[in-house]
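J.: I'd like to go over a predicted model; first the sequence, then the structure.
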Amino acid sequence: MLRLSEADEANSALYKGRADAYRDRLRELDVSIREKVASLPQTSRKLVTDHKLFGYFADEYGFEIIGTVLPAMSTSAEASARHISVLVDLIEREQVSSICIGATAAGACRRSADNLALEL
């Protein structure tokens with residue numbers, strides 16, 4: 001794998017500095033997330049997401065994904081009325097207080113998430 005600093009050796013130090021700054025910012029963000037999560041009771045660490053997008057987040061920070069707005073991996077899929085009905089029941093039973101959707105979620109997914117949020 002060719003690294004950018006190898007392809008453009010004249011700016012190698014600049015790339016390294018920016019990469020180091022980016023890693024530092026990610027570490028700060030990680031610490032901040034962990035502090036905020038630590039303040040939540042374990043029973044409140046339940047999420048509904050647009051699809052399986054937040055699995056890595058849930059695993060890393062101790063959340064349980066109890067349901068998804070979309071029954072598929074694609075954000076362009078649409079949920080059936082039955083899927084939404086089952087999800088509403090699950091949200092109520094599990095006392096979920098937030099729905100997390102990705103920035104690139106399609107319109108149908110956003111509308112479904114907005115409608116579910118009204119149920120919270």
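T.: Done, it's in. These numbers come from a predicted model, not from an experiment.

J.: list the buried residues of the lengthiest helix in the chain.
T.: Assignment by DSSP state H gives helix 12-38 as the longest helix of the chain. Along helix 12-38, these residues count as buried under the neighbour rule (16 or more other CB atoms under 10 Å): Tyr15. C-beta coordinates here come from the backbone N, C-alpha and C atoms, glycine included.

J.: so what secondary structure elements neighbour it?
T.: helix 4-7, helix 55-61 (3 or more CB pairs under 8 Å, 6 or more residues apart in numbering; DSSP states H and E).

J.: got TSV for those helices, with mean neighbour count, distance to Ala79 and mean pLDDT too?
T.: Listed next are those as TSV, based on neighbours: other CB atoms under 10 Å; distance: least, CB to CB, whole Å; pLDDT from 0 to 100:
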stretch	mean neighbour count	distance to Ala79	mean pLDDT
helix 4-7	12	41	83
helix 55-61	14	18	91
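
J.: how about those helices in a markdown table, adding distance to Ser39?
T.: Shown next, in a markdown table, are these (distance: least, CB to CB, whole Å):
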| stretch | distance to Ser39 |
| --- | --- |
| helix 4-7 | 39 |
| helix 55-61 | 12 |
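
J.: what's in contact with stretch 28-47?
T.: Residues outside stretch 28-47 that contact it (CB atoms under 8 Å, 6 or more residues apart in numbering): 54, 58, 61-66, 94-100.
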